[in-house]
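> Below are the sequence and a predicted model; questions follow.
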Amino acid sequence: LLITLTHDVSTIREVLALNYIDGDCVDGIIFEEPIWGKKLNFSTMFKDAANYKIPKATFITDYFLEIAYTRRYIEQNNIDIIFTPHQTSISYLYDIYPTVKTIAHAPFCIVEEYFLDLTDKDIDILDTVQHHPVTPLRNKISKVASKMKGIEYVKLPHPGKREVNTNAIVGKKYIDYLHRSFFTIACTTSYKVSVRKYWEIYASGGIVIGDR
């Protein structure tokens, strides 16, 4: 059961009551990735999480961001399981989140049906990056590509910066842009972590401009 929070709530009990769910019937809870709630200025810390003696989990992808906030998030929500797509971060996560009992590797994957149709390519370089201190190579590539002449260069806002409305370029719309592009800028950050975009770019018949 997926519950999207549309109310300003502070307890799990309120969430269950608003959705007419009996708390005794809940076998486990998976919380949204902490930093996304923080970026959206939306609290998903619950005062009564420790009262529910069931498995509680969350996802962590950008494990090098908002460490202090994420630690408080994990402790207050009494989270004991973390899913991460980065196999190389597992021992690190155990060190910085000592209350967590289990860290599970959940590799990135793609939605195969999104990549079955072929599309004529009309974009030479697709750029969907944001400038960040942990992506120096990506920042440099983006700057160089934006100044190249005689090519079709298209820049989209970073997913975290795209407005959520009927015209938002997310999901299948975003994959369509990848299909249209010969090259797409991406990199594994200075932490050398796996990037889902790599799988999506190659599945779209494009080539990554980035690091190995």
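That came in fine, so what should we check first?

> distance of I82 from H105?
Distance, I82 to H105, by CB to CB, to the nearest Å: 10 Å. For glycine as for every other residue, the C-beta is placed from the backbone atoms N, C-alpha and C.

> Oh, that last question was meant for K140, not what I typed.
For K140, the distance to H105 - CB to CB - is 31 Å.

> what's near enough to touch K47?
Neighbouring residues of K47 by CB atoms under 8 Å, 6 or more residues apart in numbering: S10, T11, Q76.

> Also P157?
Shown in contact with P157 (CB under 8 Å, 6+ apart): T128, Q130, I169.

> Buried residues in the lowest-mean-pLDDT helix or strand in the chain, which are they?
Ranked by mean pLDDT, DSSP states H and E, the weakest helix or strand in the chain is helix 34-39, scoring a mean of 81. Judged by neighbour count using 16 or more other CB atoms under 10 Å, the buried positions of helix 34-39 are P34, I35, G37, K38.

> if we can go back for a sec, which one of I82 and H105 is surrounded by more residues?
Shown here are I82 and H105; by other CB atoms under 10 Å, I82 has more neighbours (23 against 12).

> Provide the secondary structure category for the more buried one.
Secondary structure assignment for I82 (DSSP: H, G, I helix; E, B strand; the rest coil): strand.

> related to what we said a few turns ago, what about the contacts of K47, which are in helices?
Among the contacts of K47, the members falling in helices (DSSP state H) are Q76.

> any idea how far the nearest residue to L156 once chain neighbours are set aside is from P98?
Leaving aside its sequence neighbours, L156 sits nearest to T128 (CB to CB, 6 or more residues apart in numbering; 4.5 Å). Applying CB to CB, the value for T128 to P98 is 36 Å.

> Comparing these two, which residue is more hemmed in?
Neighbour totals were compared for T128 and P98, and T128 leads with 22 against 9 (other CB under 10 Å).

> most centrally placed residue in this structure?
For the chain, the residue nearest the mean C-alpha position is T61 (6.1 Å; CA atoms, centre = their mean).

> Surely that residue is in contact with T84?
Yes - under the criterion of CB atoms under 8 Å, T61 lies in contact with T84, with a separation of 7.0 Å.

> List the residues that contact I67.
By CB under 8 Å, 6+ apart, I67 lies in contact with I96.

> Name all residues that make contact with I29.
Contact partners of I29, counting by CB under 8 Å, 6+ apart, are I12, Y52, I54, P55, K56, A57.

> buried subset of those residues?
Using 16+ other CB under 10 Å as the burial test, the contacts of I29 include I12, Y52, K56, A57 as buried.

> Mind putting those residues into CSV with pLDDT, secondary structure and distance to E152?
Formatted as CSV, these follow (pLDDT from 0 to 100; DSSP: H, G, I helix; E, B strand; the rest coil; distance: CB to CB, whole Å):
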residue, pLDDT, secondary structure, distance to E152
I12, 92, helix, 49
Y52, 94, coil, 53
K56, 96, strand, 47
A57, 97, strand, 43
